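Q: Dropping a prediction and its sequence here:
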Amino acid sequence: MGALIALVAVSCGSDGEEANQAAPAAPQTGAAAGAPTAPPPTTVPPSPTSAPRPTVTLTQPSSTARPTAPLQPTALPQAPTPASPIAAPPTVAPPAATEAPAEASGVAHFQVVGESSQASYTTREKFFRLPAPNFATGVTSAITGDIYLDRTTWQLAADPPSVITVDISTLQSDQSRRDNFIRRRFLESNQFPTATFVLKQVAGVPQPYSEGTEVTVVLEGELTVREINRPVSWQGTVNVQGNTLTGKVGTSELLYADFGIPKIRIATLEVEDWFKLDMELTAKSQ
């Protein structure tokens, strides 16, 4: 019995100690519960207010500074502004184009009028049955050409060239048999139908020249017959009156051999080894 009482006493004592130990633990729990209840509202607002927002505020200025950088491209477009001086040269070019017509206006262009002009050859032939030689002449109006003169000096213009062309296949004399023979055997006009004279220089025009005055001149140039070129001089007279140029010029004696033409000799006829050329020109200003 006494042992039973002692056991109960021990159990009660241990239960009291446990109650005492548990009681202090409860206040700690109450204090802990009170502490989190008050601080959380105080702690939570400051931390989001102070930490994130200043950070956002600092980040926004930097992003604001970057948009200002596009102002630099505004300076780059200013670089093309120097290109505007390049546009100035085109303004200078038009005056040059205006001067070119002025130079062209200083050149007089005369075009040969075939119906009012003629070219001819003269040679001397000897028929064996006749005692004296005979002069043979062939003529054509199939003549074209352009002559360019400087209006100030009335000399040949440097450019374009002055050229006269004659269709020698149309030359006619007083004997058709002779004409056919010359065309086929000597001039070979079926193969070489034209003769060309390129004027190089005019000598004898007085300075200053008075329009309407006939002057004696020497024309220097290059004659092409049968694709053979030879320098040739023509002597005669020319006159410029208003829009018309007229002239009568002729060559001295030229040799057939110089143009690859063989000596003309047949059964009843022999032709001397030289010939002369003459031109009567009428040209109108264009």
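A: Now that the structure is in, tell me what you want to look at.

Q: Scan the helices and strands of the chain for the one with the lowest mean pLDDT.
A: Every helix and strand in the chain was compared by mean pLDDT, DSSP states H and E; the lowest is helix 2-37, with a mean of 40.

Q: What residues are bridge-paired with Gln111?
A: Beta-bridge partners of Gln111, counted by DSSP bridges, are Asp146, Lys284.

Q: Could you list which residues are in contact with it?
A: Gly145, Asp146, Ile147, Ala283, Lys284, Gln286 (CB atoms under 8 Å, 6 or more residues apart in numbering). C-beta here means a position set from N, CA and C on the backbone, and glycine is covered the same way.

Q: Now the buried members of the residues you listed.
A: Gly145, Asp146, Ile147, Ala283 (16 or more other CB atoms under 10 Å).

Q: Show me the contact partners of stretch 228-241.
A: 108, 149, 154, 197, 202, 209, 211-224, 245-252, 254, 258-260, 277, 279.

Q: typo on my end, stretch 140-147
A: 109-112, 114-115, 117-120, 156, 160, 162-168, 170-172, 199, 245, 279, 281, 283.

Q: Helices of the stretch 151-286 of the chain, residue ranges please.
A: 176-181 (DSSP state H, counting those that start in this stretch).

Q: how about the strands of it, start to end?
A: 162-167, 194-203, 215-225, 228-241, 244-251, 254-255, 269-271, 274-285 (DSSP state E, counting those that start in this stretch).

Q: quick one, what contacts Arg271?
A: Not Arg; residue 271 is Val. So Val271 contacts Thr123, Arg124, Glu125, Lys126, Ala136, Lys263, Ile264, Arg265 (CB under 8 Å, 6+ apart).

Q: Distance check, it against Pro208.
A: Per CB to CB, to the nearest Å, Val271 is found 46 Å from Pro208.

Q: right, so of the strands of the stretch 151-286 of the chain, which gets closest to Ser176?
A: strand 269-271 (14.6 Å; CB to CB).

Q: quick check: mean pLDDT across that closest one?
A: What strand 269-271 shows for mean pLDDT is 85.

Q: same thing with stretch 158-177?
A: In the prediction, stretch 158-177 has an average pLDDT of 94.

Q: Just the buried residues of it, please?
A: Here stretch 158-177 shows Ser162, Val163, Ile164, Thr165, Val166, Asp167, Ile168, Ser169, Thr170, Leu171, Ser173 as buried, counting by 16+ other CB under 10 Å.

Q: Other residues contacting that stretch?
A: By CB under 8 Å, 6+ apart, the residues outside stretch 158-177 that reach it are 112, 119-121, 136-140, 142-148, 156, 179, 182-183, 187, 189-190, 192-199, 225, 279, 281.

Q: Just the CA atoms of that stretch, as CSV, please.
A: Provided in CSV are the C-alpha atoms of stretch 158-177 (Å, rounded to 0.1, in the frame of the first residue of the first chain):
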residue,chain,number,x,y,z
ALA,A,158,38.6,72.0,-139.5
ASP,A,159,35.6,69.7,-139.0
PRO,A,160,33.6,68.2,-140.5
PRO,A,161,35.6,67.4,-143.7
SER,A,162,34.7,68.9,-147.1
VAL,A,163,34.2,66.1,-149.6
ILE,A,164,33.1,66.0,-153.3
THR,A,165,32.0,62.8,-155.0
VAL,A,166,31.6,62.1,-158.7
ASP,A,167,29.9,59.1,-160.2
ILE,A,168,32.4,58.3,-163.0
SER,A,169,30.2,55.5,-164.4
THR,A,170,28.0,58.2,-165.8
LEU,A,171,30.7,60.1,-167.8
GLN,A,172,29.6,60.6,-171.4
SER,A,173,31.6,61.9,-174.4
ASP,A,174,30.5,62.4,-178.0
GLN,A,175,31.1,58.7,-178.7
SER,A,176,29.3,56.0,-176.8
ARG,A,177,31.7,53.4,-178.0
